[in-house]
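Visitor: Structure for this input, please:
(one chain, ligands or ions: 2)
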Amino acid sequence: MKKLKVFTVLGTRPEVIKLAPVINELEKHKEKINSKVILTGQHRSMVDQFLKLFNIKPDYDLDIMLKNQTLFDVSSRCLLRLAKILEKERPDLILVEGDTTTAFMAALAGFYLKIPTGHVEAGLRTFDKYRPFPEEINRQLLTVVADLHFAPTKKAVGNLRREGIDPKRIYMTGNTVVDALYSISSRKYILKNELLNNIDFKNKKVILVTAHRRESFGGPMLSICKAIRQIADDPDVELIYPVHLNPNVQKPVNKILSGKKNIHLLDPLDYQTFVYLLRKCYLVLTDSGGVQEEAPAFGKPLIVMREVTERQEGVEAGVAKLVGMDSKRIVQEVEKLLKSPDSYKKMSRAGNPYGDGKASKRIVRAILGSMG
Ligand code: UD1
Ligand code: UDP
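Guide: Residues are numbered from 1 along each chain as shown. Ligands and ions are numbered 1, 2, ... in the order given. Below you'll find the predicted structure:
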């Protein structure tokens, strides 16, 4: 019997984390599936550790990353380099994840070659063209191009249905980030980072921070930094901030936040260390998509520094609060959680509205069921 040739295309940190469990699952079906991995290299240093952790060895590496790359750089380099491989290999299915430019370009390349695409994490929407930018349009266009839609939640399924997607092509699977999180949390881990080992998690309120969205560059990023600096005036607080390598993040963060004793600016952390911090911290301050899906698993209150979110499930469950990027408001909301045990308790219920850890199994089952 002819094996199904499935090519997974990934490029950035969150794609590796969220597709790793799917790739591992595809590998378990060797008798039916010939699984290959194309790394676009949209991110370079920020993905290597994650590939190793999940034991993924890309079959192709397109090595597209440029320093301070524009959306034109990423799009054109992805498309041209993917074309060559896909034309030669002609897989039966291309698998992509989320809303990055790597994901959209891979689906578009597939469409030009009439190769079907499966979209993991389909149906997330803010319905705001420029927020997040360019992700909202990337994922809307991905929905138009894709053939199989793996929606993480009921809300995502609803969005796809309202856009006229054939219900037979929509599969509600849960989010694969929960699969990754569970598989990593179950492994033994000893923190080896000296700086982090010296942080007093017992007596201090530790805030874990991440921020990287393109629509925040400039003024909003400065406002976020101003808020963080002000929060650090409280001597009972320690802020841990692994800084994204994008120069538009690095510059303002280093300029405004360096030199304060209780603000710890770090290089991007490996996944196990980051998950360890999610588990140990007091609250999370973020604009990240993936982090919004992970923190609830550990009952950590989330302050989301964005105007809109496609992850409303956490907000509705009361474990996340959307506060925007105004520094005053960010400080106010964080202070509420630092000072009011009631407010903290209300937001720190463990449970995850995004998945149950079995999404990858459902995705591979759906692929085999519909194409195998
Ligand atoms: C990308 C995705 C975004 C996702 C984010 C996850 C797009 C358009 N954006 O945004 O959806 O949320 O990844 O982190 O697809 N850099 C390095 N080394 C790395 C990675 C990045 O130096 O390993 C620097 C480079 O200067 C690079 C810049 O960061 O040019 C921007 O990378 P890019 O992938 O274009 O944008 P992100 O902001 O990372
Ligand atoms: N993450 C990590 N180390 C870090 C920061 C984030 O391992 O220093 C992980 C985090 O657990 C989450 C993912 O990276 O799974 C989120 O990636 P990012 O915020 O870059 O992208 P987004 O999810 O916003 O697209």
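
Visitor: Figure out the helix or strand that residue 137 lives in.
Guide: helix 135-145 (DSSP states H and E).

Visitor: Below-threshold pLDDT in this structure: ranges please.
Guide: Scanning the chain for pLDDT under 70 picks out no residues.

Visitor: near ligand 1, which residues of it?
Guide: Within the chain, the positions near ligand 1 by C-beta under 6 Å from any ligand atom are 12-14, 42-46, 65-69, 71, 74, 99-101, 134-135, 212, 214, 245-247. Using the backbone N, CA and C atoms, a C-beta is placed for each residue, glycine as well.

Visitor: all strands of the stretch 101-250 of the chain, in order?
Guide: In the stretch 101-250 of the chain, the strands defined using DSSP state E, counting those that start in this stretch lie at 117-120, 148-151, 170-172, 205-210, 237-242.

Visitor: To residue 140, which of these lies closest?
Guide: Nearest of the strands of the stretch 101-250 of the chain to residue 140, taken as C-beta to C-beta: strand 117-120 at 11.3 Å.

Visitor: Identify all contacting residues around that closest one.
Guide: 18-19, 22, 93-98, 103, 106-107, 110-111, 142-143, 145-150, 173, 176, 363, 367 (C-beta atoms under 8 Å, 6 or more residues apart in numbering).

Visitor: repeat that with 7 Å
Guide: Contacts to strand 117-120, defined as C-beta atoms under 7 Å, 6 or more residues apart in numbering, come from residues 18-19, 22, 93-97, 107, 110, 142-143, 145-150, 176, 363, 367.

Visitor: do stretch 292-306 as well
Guide: Residues contacting stretch 292-306 (C-beta under 7 Å, 6+ apart): 175, 177-178, 181, 211, 213, 224, 278-279, 281, 283-287, 309, 311, 314, 317, 319-323, 325, 330, 333-334, 337, 344, 347-354.

Visitor: quick revisit: determine the set of other helices and strands touching the helix holding residue 137.
Guide: Packing partners of helix 135-145 (3 or more C-beta pairs under 7 Å, 6 or more residues apart in numbering; DSSP states H and E): helix 101-112, strand 117-120.

Visitor: With mean neighbour count and distance to ligand 2 as new columns, can these be given to me in TSV?
Guide: Formatted as TSV, the helices and strands packed on helix 135-145 follow (neighbours: other C-beta atoms under 10 Å; distance: least, C-beta to the nearest ligand atom, whole Å):
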stretch	mean neighbour count	distance to ligand 2
helix 101-112	24	11
strand 117-120	26	13
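
Visitor: thinking again about what came up before, out of the contacts of stretch 292-306, which end up buried?
Guide: Buried members of those, scored by 16 or more other C-beta atoms under 10 Å, are 175, 177-178, 181, 211, 213, 224, 278-279, 281, 283-287, 309, 311, 314, 319-323, 325, 330, 333-334, 337, 344, 347-348, 352-354.

Visitor: Now, these that are in strands?
Guide: When DSSP state E defines the strands, the subset of those inside them is 283-286, 320-322.

Visitor: Reformat those as CSV; add distance to residue 262.
Guide: Shown next, in CSV, are these (distance: C-beta to C-beta, whole Å):
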residue, distance to residue 262
283, 15
284, 17
285, 14
286, 18
320, 24
321, 23
322, 26
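
Visitor: List the beta-bridge partners for residue 33.
Guide: residue 4 (DSSP bridges).

Visitor: Residue 6 is in contact with that one, correct?
Guide: Yes: if you go by C-beta atoms under 7 Å, residue 33 and residue 6 touch, sitting 5.6 Å apart.

Visitor: Between the two, tell me which one has more neighbours.
Guide: Neighbour totals were compared for residue 33 and residue 6, and residue 6 leads with 25 against 22 (other C-beta atoms under 10 Å).

Visitor: Next SSE downstream of the helix or strand that contains the more buried one?
Guide: Using DSSP H and E, residue 6 sits within strand 4-10. Remark: after strand 4-10, the chain's next helix or strand is helix 13-27, criterion DSSP H and E.

Visitor: Which secondary structure elements does that next one sit against?
Guide: strand 4-10, strand 33-39, helix 45-53, strand 93-97, strand 117-120, helix 176-185, helix 289-294, helix 359-371.

Visitor: Buried ones in stretch 120-136, by neighbour count?
Guide: Here stretch 120-136 shows 120-126, 131-136 as buried, counting by 16+ other C-beta under 10 Å.

Visitor: for it, how far is the first residue from the last?
Guide: With C-alpha to C-alpha, to the nearest Å applied, stretch 120-136 spans 15 Å between its terminal residues.

Visitor: how far does that stretch sit from the chain's center?
Guide: Stretch 120-136 sits 13 Å away from the centroid of its parent chain (C-alpha atoms, centre = their mean, to the nearest Å).

Visitor: do stretch 315-333 as well
Guide: So, by C-alpha atoms, centre = their mean, the centroid of stretch 315-333 is 19 Å from its chain's centroid.

Visitor: circling back to that earlier point, of the helices and strands packed on helix 135-145, which is nearest residue 260?
Guide: Judging the helices and strands packed on helix 135-145 by C-beta to C-beta, what sits closest to residue 260 is helix 101-112, at 34.4 Å.

Visitor: returning to what we had before: of the ones in strands among the buried ones among the contacts of stretch 292-306, which is the nearest to ligand 1?
Guide: Taking C-beta to the nearest ligand atom as the measure, ligand 1 sits nearest to residue 286 out of these, at 11.4 Å.

Visitor: In this model residue 212 seems to touch the closest one, though I could be wrong.
Guide: No: taking contacts as C-beta under 7 Å, residue 286 lies outside contact range of residue 212: 9.3 Å.

Visitor: how close does residue 188 sit to residue 276?
Guide: 12 Å (C-beta to C-beta, to the nearest Å).

Visitor: If you could redo that for residue 78, that was the one I meant.
Guide: 33 Å.
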